[in-house]
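>>> can you look at this prediction? I've put the sequence above it.
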Amino acid sequence: MLYSYDDHSLKTYSGYQLLTDPSELAGTAFAFVVITLDGAALRAEAGQKLVGEIGRAFRGTSTAVILGSVGIDLRSCFLERSGLAETQVTYGGLGSLAHEVGPARMPTHPGTRPDLLASADYAYRHLTPSGFHVDLSAPQAAHDFVALYDRNGVSKCGILDVDAYGHRPACLRTAARPQGCRWSSHAPSRPVDKTEQRSGY
């Protein structure tokens, strides 16, 4: 169950299946796979195993991958490790903020319905009319994802060119700088400049 801070209502999230072993992807067929691991998790042993299984499951298919992990040059390492075609993998990410609704109670903003919030698993708020963004690393995959996402009736999916996507605020990037595909080096992120603040992401 989801609580929306946008209109202070509950939304039911259903129709999904939980896979706990990446090898379960074998023999499946999806139009899109959205990777939501953070950069550190994607570089870890389990993340690398997942990338390999995604490659084995969807190499040579029409399945597109929306890479939501945040880090420097993760797409090229993902492509190398998975063996997927460049036309299959594009960057993407949420344009909203969300948090788990747990036993700890935070101060509520005016208009919040505490009774509804308490019955939710997660709560979210959109920062812009676009609840999700993709870039044009793989243009056809990006446009196909936007066409599907925009049917949800709640929010839209924005499209950013590759340069604009790379200029997201530093607070949304990790300090990771992979070497080859060992993904183990770290470098400090640079300060946000005014062009980044205008990116809207």
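Good, I have the coordinates. Numbering: from 1, shown residues only.
>>> list the contacts for residue 83?
Counting by Cβ atoms under 8 Å, 6 or more residues apart in numbering, residue 83 makes contact with 55, 59. For glycine as for every other residue, the C-beta is placed from the backbone atoms N, C-alpha and C.
>>> please apply the same query to residue 162.
If a contact means Cβ under 8 Å, 6+ apart, then residue 162 has 135, 136, 137 as its contacts.
>>> do the same with residue 9
Contacts for residue 9 (Cβ under 8 Å, 6+ apart) come out as 3, 116.
>>> roughly how far apart are it and residue 110?
Distance check for residue 9 against residue 110: by Cβ to Cβ, to the nearest Å, it reads 16 Å.
>>> about what we covered before: of all the contacts of residue 162, which comes closest to residue 147?
residue 136 (14.4 Å; Cβ to Cβ).
>>> roughly how far does the closest one sit from residue 125?
27 Å.
>>> with residue 110 instead?
Taking Cβ to Cβ, one finds residue 110 at 14 Å from residue 125.
>>> looking at these two, which one has more neighbours?
Neighbour comparison, residue 110 and residue 125: the larger count goes to residue 125, with 13 against 4 (by other Cβ atoms under 10 Å).
>>> so where does the more buried one fall, helix or strand?
strand 122-126 (DSSP states H and E).
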